[in-house]
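Chemist: Could you work out the structure for the sequence below:
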Amino acid sequence: MKINSFIKKFIINKNEKIEKAISLIKKNGEDEKQIKILLVIEKSKLVGTITDGDIRRYLIKNNS
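Modeler: So this is what the prediction gives:
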C-alpha cells in the first residue's frame, strides 16, 4: 500500500513510546495548521488514533 507523503507525517507505530507521540503531535501541530492527531499502525494496518487530549489524559492519570 502506497501512503501519501502528507499522511506519513501523522503515522506512529503502536509500539512507540509516548515521547515520540508527543514530539510528532507538537511538530505536526506547528507545521500543518494545528492538526493534532496521529494514526496508530501495527503491521501496516490502522489500529487507532491518538490526539493531544489522549496524551494529556494519560499524563494526568499517570502523574508523569
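Chemist: For stretch 29-39, measure first residue to last.
Modeler: Using Cα to Cα, to the nearest Å, the end-to-end distance of stretch 29-39 comes out at 14 Å.
Chemist: from now on call the first residue 113
Modeler: Got it, first residue is 113 now, which makes that one stretch 141-151.
Chemist: Not counting its own residues, what contacts that stretch?
Modeler: Stretch 141-151 is contacted by residues 119, 121-124, 133, 136-137, 140, 158, 161-164 when judged by Cβ atoms under 8 Å, 6 or more residues apart in numbering. In short, each C-beta sits where N, CA and C put it, glycine included.
Chemist: what about 10 Å?
Modeler: Outside stretch 141-151, the residues within contact range by Cβ atoms under 10 Å, 6 or more residues apart in numbering are 115, 118-124, 128, 132-133, 136-138, 140, 158-167.
Chemist: So what's the gap between it and the chain middle?
Modeler: Centroid separation for stretch 141-151 versus its chain: 9 Å, with Cα atoms, centre = their mean, to the nearest Å.
Chemist: Please apply the same query to stretch 146-158.
Modeler: Here the centre of stretch 146-158 is set off from its chain's centre by 6 Å, with Cα atoms, centre = their mean.
Chemist: Now it: buried residues?
Modeler: Buried residues in stretch 146-158, counted by 16 or more other Cβ atoms under 10 Å: 148, 150-152.
Chemist: Next secondary structure after the helix ranked longest in the chain?
Modeler: For the chain, the longest helix by residue count, based on DSSP state H, is helix 130-143. Sequence-wise, the next helix or strand downstream of helix 130-143 (DSSP states H and E) is strand 149-154.
Chemist: residues in contact with D166?
Modeler: Each residue near D166 by Cβ under 10 Å, 6+ apart is listed here: 130, 133, 137, 148-150, 160.
Chemist: got these as JSON lines, with pLDDT and distance to N174 columns?
Modeler: Listed next are these as JSON lines, based on pLDDT from 0 to 100; distance: Cβ to Cβ, whole Å:
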{"residue": "I130", "pLDDT": "90", "distance to N174": "9"}
{"residue": "A133", "pLDDT": "92", "distance to N174": "14"}
{"residue": "I137", "pLDDT": "88", "distance to N174": "17"}
{"residue": "K148", "pLDDT": "84", "distance to N174": "20"}
{"residue": "I149", "pLDDT": "88", "distance to N174": "21"}
{"residue": "L150", "pLDDT": "93", "distance to N174": "19"}
{"residue": "G160", "pLDDT": "96", "distance to N174": "18"}
